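1. Next comes the sequence, and after it the predicted model I'd like to discuss.
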Amino acid sequence: MKNQRLMARLNLLEETRFEKLPVSIFKNPKEASLSVANRIASLIKEKQKKNEKAVLGLATGATPVAVYAELVRLHKEEGLSFKNVITFNLDEYYPMQPNAVQSYVVFMNENLFNHIDIDKNNVHIPDGTLKLEEIPAFCLDYEKKIESVGGLDIQILGIGRTGHIGFNEPGSAPNSGTRLVTLDDLTRRDAARDFGGKSNVPTKAITMGIGTIFKAKEIILMAWNKKKASIIKKAVEGEISSEVPATYLQLSDNVEFILDEDAASGLTRFNTPWLARDCDWQPALTRKAVIWLARHLKKPILKLTEDDYNNHGMAQLATEHGPVYDINIDIFNKLQHTITGWPGGKPNADDSQRPERANPAKKRAIVFSPHPDDDVISMGGTFIRLADQGHEVHVAYQTSGNTAVWDDDVLRFVEFNIDFSEKMGIDQTQMRKTYDEMREFMANKHPNQVDTEEIKLVKGLIRKGEAIAGARFSGLPDENIHFMALPFYETGKVKKNPVSEIDVQLTMELLQKVKPHQVFAAGDFEDPHGTHIVCFNIIVEALRRLKATEDWVNDCWLWMYRGAWHEFEPHEIEMAVPLSPNEVERKKLAIFKHQSQKDIPVFPGDDPREFWQRAEDRNRETAQIYDDLGLADYEAMEAFVRYHF
């Protein structure tokens, strides 16, 4: 037993040898959050026994929300008291009124302080209302207050995509104290949705410094989901650099990174495990490794040599499954078999090596589109080809997308309605009254203020009209165009409601009506607004329920598409649909039907390109990857992965 424990420890040391600080990984954010909350609760109880104060450094943002929820539960259900707790928040936007919905004062009150028995005099949050000349003295006093209570016992952190901790952006010094900082443009873009556009995001913030954070007796950095995977890899395995401020944490003896599996997925031991340890060379891992090797060396798969394998951590694969040319041939053939010009299956053909079934020759397909333009942006070429090849194609727009329309467009459409009614001799008295009310509301509108019902209606109708135009252009009859308006989305706010039973029931009803052989759903879970994964989970739940009672579900395949934000990795792709230059142009024209999303959309994310440019570039990049790996050279490709529910 002792030898087994020793071997296990040695194996762990080997596979984590690229990691420069302690990392703990949990299955999902909930389990990780419960662990952190319990550690905080244990500290509070320990301090209570000693009649001491527990001093907590707290963070804001989506990452710690579940931690705070568990602390609230522990207080309400298990009697955890916070009367001995003193808190210091990391940061606050500047300028910022404490009652603004984006302020961290509101965030902390709503998520924690209003629900526990903490003395509000023990709560400290940087003041976003100070005059500029008052900030240096305030920051110095903030530091002194932390020192006067014995320093921070625990500091919890999130991490931004720039690698910032707190608002210590790239360029911050490791000994920096509490101060006023200028926010990185990427940080402001990430916050744009909370403020109703980047232009409304403050350019500055007051933040604890890295030197302040370092003084904490215990530092816990938390990160969830794949959006954080790349920056976590840099923070954990990269060289210490002011360009990634979180790398300074490698210098601390008191730090631990708490990650879920997705956030940890970029670490060497998970992403390229052959570089860290011996592997169990299952087919999926072999495919990933060989494609990685070819891309790393910029060589076609069929030109990889035994030396290439041996020199890049894959000697075990070559020894156990070689000769390497046979491995190369196998992976090349598997990639070749993902390519098909028949996304609905090729009739009267051998389908044993094709990604889709030959029968039935004419299939019923539903393309689910989370927003009213995801269908043509992400799989417009395949969408058009399915219709061209005679399949019964339906499209289902799951949400109205009404938060992503400029106010100016609303006025333009209502003005058109008034002018048209006037020309047709129709009374416009009520419409003019509504128009005047809209203009008055917009003139006094606060960032991210919920629109009036009339404005929300017009915004939804604008996107509905664009979606109809795009679907018609793609070859669909009007009766196959469905608008679901799932209730979880229709809040008029950036923050959406939890998914309810009616969301699933509406989806089940449409599926029962069509009884599709194919379902296409957005599998782009890095959508920064979270709508894609919510919509995907609704579809999966609906299909799972129907599978228990409906025989047709056993013949229904669920394909995931991407494209609006990121593409599948080449080793993941199971169906690649090549597009000709003419089909690329047709797809672009379908995207152009969504005029409200052209030029500068309301929520563009951190990619400055227009959606049609992103889609075109990514489709060409996918085709280029296949070409570089030694396969046929196509103009563009749309990629899909099958999901087994």
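-> The structure has been received and is ready for your questions. Numbering: from 1, shown residues only.
2. For stretch 342-352, C-alpha coordinates in CSV please.
-> C-alpha atoms of stretch 342-352 as CSV (Å, rounded to 0.1, in the frame of the first residue of the first chain):
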residue,chain,number,x,y,z
TRP,A,342,-24.0,15.2,-48.7
PRO,A,343,-24.8,16.5,-45.2
GLY,A,344,-28.1,14.7,-45.3
GLY,A,345,-26.5,11.5,-46.5
LYS,A,346,-25.8,10.4,-50.1
PRO,A,347,-28.7,8.4,-51.6
ASN,A,348,-28.0,4.9,-53.0
ALA,A,349,-24.4,5.0,-51.8
ASP,A,350,-22.3,2.9,-49.4
ASP,A,351,-22.6,4.9,-46.2
SER,A,352,-20.2,2.7,-44.1
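3. Pull the residues that contact that stretch.
-> The contact list for stretch 342-352 (C-beta atoms under 8 Å, 6 or more residues apart in numbering) reads 340, 354, 356-359, 361-363, 365, 382, 385-386, 389, 391, 518, 575, 577, 640. Yep, even glycine has a C-beta here, placed from its N, CA and C like the rest.
4. which of those count as buried?
-> Burial by neighbour count, judged by 16 or more other C-beta atoms under 10 Å, picks out 340, 354, 356-358, 363, 365, 382, 385-386, 389, 391, 518, 575, 577, 640 from the contacts of stretch 342-352.
5. what's the closest of the residues you listed to N38?
-> Of all the buried ones among the contacts of stretch 342-352, N38 sits closest to F640, with 41.3 Å by C-beta to C-beta.
6. Okay, and that closest one sits in which element?
-> Element membership for F640, per DSSP states H and E: strand 636-643.
7. With respect to E583, which of the buried ones among the contacts of stretch 342-352 is nearest?
-> Once C-beta to C-beta is applied, the member of those that ends up nearest E583 is R385, at 7.1 Å.
8. how long is stretch 121-129 end to end?
-> Stretch 121-129 has its terminal residues 18 Å apart, counting by C-alpha to C-alpha, to the nearest Å.
9. what about that stretch, distance to the chain center?
-> How far stretch 121-129 lies from its chain's middle: 31 Å, per C-alpha atoms, centre = their mean, to the nearest Å.
10. Quick one: residues in contact with it.
-> Contacts for stretch 121-129 (C-beta under 8 Å, 6+ apart): 85-89, 91-98, 103-105, 108, 113, 138, 142, 145, 178, 205-207.
11. same deal with stretch 570-577?
-> So stretch 570-577 is in contact with 284, 287-288, 291-292, 295, 335, 338-341, 343, 355-356, 381-382, 385, 559, 622, 625-626, 629, 637-642, going by C-beta under 8 Å, 6+ apart.
12. Mark which of those are part of helices, please.
-> Those of those mapping onto helices are 284, 287-288, 291-292, 295, 335, 381-382, 385, 622, 625-626, per DSSP state H.
13. Just name the closest of those residues to M314, please.
-> Checking these one by one against M314 (C-beta to C-beta), the nearest turns out to be W292, at 9.2 Å.
14. Can you give me the neighbour number for that closest one?
-> 20 (other C-beta atoms under 10 Å).
15. how about it, what does it touch?
-> So W292 contacts 272, 571 (C-beta under 8 Å, 6+ apart).
16. burial count for the nearest residue to S265 once chain neighbours are set aside?
-> Nearest residue to S265, sequence neighbours excluded (C-beta to C-beta, 6 or more residues apart in numbering): A229, at 4.9 Å. For A229, the count of nearby residues is 20 (other C-beta under 10 Å).
17. Just to be sure, A229 is in a helix?
-> Yes: assessed with DSSP: H, G, I helix; E, B strand; the rest coil, A229 lies in a helix.
18. State the distance from it to E569.
-> 12 Å (C-beta to C-beta, to the nearest Å).
19. likewise P608?
-> 23 Å.
20. Neighbour count for the two, which is higher?
-> Taking other C-beta under 10 Å, P608 and E569 do not tie; E569 has more neighbours (15 against 10).
21. Below-threshold pLDDT in the stretch 351-500 of the chain: ranges please.
-> 492, 494 (pLDDT under 70).
22. show me where it has helices.
-> Using DSSP state H, counting those that start in this stretch, the helices of the stretch 351-500 of the chain run over 374-388, 407-423, 429-443, 453-473.
23. Ramachandran angles for G57?
-> phi -100, psi 120 (degrees, to the nearest 10).
24. what sits opposite it in the beta ladder?
-> When bridges are called by DSSP bridges, G57 pairs up with F88, Q155.
25. which residues does it contact?
-> Here G57 is in contact with 87-90, 152, 154-156, 208, 213, 216 (C-beta under 8 Å, 6+ apart).
26. so can I have TSV of the residues you listed showing distance to N348, neighbour count and pLDDT?
-> As requested, these are exported to TSV (distance: C-beta to C-beta, whole Å; neighbours: other C-beta atoms under 10 Å; pLDDT from 0 to 100):
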residue	distance to N348	neighbour count	pLDDT
T87	70	19	98
F88	71	24	98
N89	67	23	98
L90	64	27	97
L152	71	26	98
I154	67	20	98
Q155	66	28	98
I156	61	25	98
M208	68	31	97
I213	66	26	97
A216	69	24	98
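27. Please report the distance of the residue nearest to S265 from S148.
-> A229 is 39 Å from S148, by C-beta to C-beta.
28. What average pLDDT does stretch 70-86 get?
-> Computed over stretch 70-86, the mean pLDDT rounds to 98.
29. Break down the stretch 501-645 of the chain into its helices, ranges please.
-> Going by DSSP H, counting those that start in this stretch, the stretch 501-645 of the chain shows helices at 501-514, 531-547, 581-592, 611-628.
30. okay, the angle between the first one and helix 531-547?
-> Spelled out, that is helix 501-514. Taking axes from the mean of the first three to the mean of the last three C-alpha atoms, to 10 degrees, one finds helix 501-514 and helix 531-547 inclined to each other by 60 degrees.
31. and helix 501-514, C-alpha only, in PDB?
-> Only the C-alpha atoms of helix 501-514 are listed here, as PDB (Å, rounded to 0.1, in the frame of the first residue of the first chain):
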ATOM      1  CA  GLU A 501     -40.600  23.500 -18.000                       C
ATOM      2  CA  ILE A 502     -42.300  25.500 -20.700                       C
ATOM      3  CA  ASP A 503     -39.000  26.000 -22.500                       C
ATOM      4  CA  VAL A 504     -38.600  22.300 -22.700                       C
ATOM      5  CA  GLN A 505     -42.300  21.600 -23.600                       C
ATOM      6  CA  LEU A 506     -42.200  24.100 -26.500                       C
ATOM      7  CA  THR A 507     -39.200  22.400 -27.900                       C
ATOM      8  CA  MET A 508     -40.700  18.900 -27.400                       C
ATOM      9  CA  GLU A 509     -43.900  20.100 -29.300                       C
ATOM     10  CA  LEU A 510     -41.900  21.300 -32.300                       C
ATOM     11  CA  LEU A 511     -39.800  18.100 -32.400                       C
ATOM     12  CA  GLN A 512     -43.000  15.900 -32.200                       C
ATOM     13  CA  LYS A 513     -44.500  17.900 -35.000                       C
ATOM     14  CA  VAL A 514     -41.600  17.500 -37.400                       C
END
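32. Narrow the contacts of stretch 570-577 to those that are buried.
-> 287-288, 291-292, 295, 335, 338-340, 343, 355-356, 381-382, 385, 559, 622, 625-626, 629, 637-641.
33. who are the neighbours in contact with F368?
-> Contacts for F368 (C-beta under 8 Å, 6+ apart) come out as 395-396, 398, 519-522, 535, 539.
34. so G150 makes contact with A54?
-> No: here G150 does not reach A54: they are 10.1 Å apart, not a contact under C-beta atoms under 8 Å.
35. Between these two, point out the one with more neighbours.
-> More crowded of G150 and A54, by other C-beta under 10 Å: A54, with 23 against 12.
36. With that, I have no additional questions.
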